[in-house]
Each structure stands twice: as C-alpha cells, then as structure tokens.
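[1] Output the structure for:
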Amino acid sequence: MTRAVKAKAQRRSQAPPPPKGSPWLERGLFGSRPWQSLPVFAIAKRRVGVRLGSAATTAEGTQNMLCAYLSVAVLAGLLGNALVSLWWLDPLAGLYIAYVAIREGREAWRGEECGCD
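    All right, here's what the predicted structure looks like:
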C-alpha cells in the first residue's frame, strides 16, 4: 500500500493542475467536515479505552484521529489548489498522512502505549 500511495503522489505531483472551477472543491468541502468533531471523539475514545484497559477502544480513538488528519489534509489540498493554485499540496498531504498512518500502525503492532492519559 505504501508503494501505491507513493506512486500515486508522484504521478499527481507531475500532472498539470486541474482546470479552475472544478466541482472537486464543493465535494471536498463536504468531505472535510469531520475535522471539527472527530478529534473530540478520538480523545474521548482513547481516554475511555485507557480507563477500561481496552486496547481495541484505544486503537479506535487513534483511528478516529487519523481520519481527522485525513479530513484536514483533504481540505488543505483542495483549498490550496482552488485558491492559490498549489496543485502539489494534495499529493504532499497524502504522503504525510501515509507516513502518520504507517507510524501509528508500527506502534500498534509493537504494542507500544499510546500515552493518552
């Protein structure tokens, strides 16, 4: 999966920018709404998971936080492209999200504590 994300980001970074007035902005703004609520739920789920001693609930909180990061990345990429023609911002944000997801996955695989007291 990492190779696929990296390859797509490289292709997108070399592609010409999409035309102005693209409907992707409206769709992206709708899809980026969770950034407002997901961090609150993620922190709450982590705390509940720690109190219950439930690794699954704690991991669910981490997954919710990754979804919030992804939502912010979508919003930043779309706004950057639509407002100031930063067409390379979306692939860069995708690579950053892939890095964060891989790091979190490795920590979970090793059984490292989340430190979310």
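[2] Tell me the helix or strand right after the lowest-mean-pLDDT helix or strand in the chain.
    Lowest mean confidence among the helices and strands of the chain (mean pLDDT, DSSP states H and E): helix 24-31, at a mean of 56. Sequence order places helix 38-52 as the next helix or strand after helix 24-31, per DSSP states H and E.
[3] Quick one: mean pLDDT for that following helix?
    Across helix 38-52, the average pLDDT comes to 90.
[4] which strands and helices sit next to that helix?
    helix 55-84 (3 or more Cβ pairs under 8 Å, 6 or more residues apart in numbering; DSSP states H and E). Quick note: C-beta positions are derived from backbone N, CA and C, even for glycine.
[5] what angle do the helix it packs on and helix 38-52 make?
    170 degrees (axes from the mean of the first three to the mean of the last three Cα atoms, to 10 degrees).
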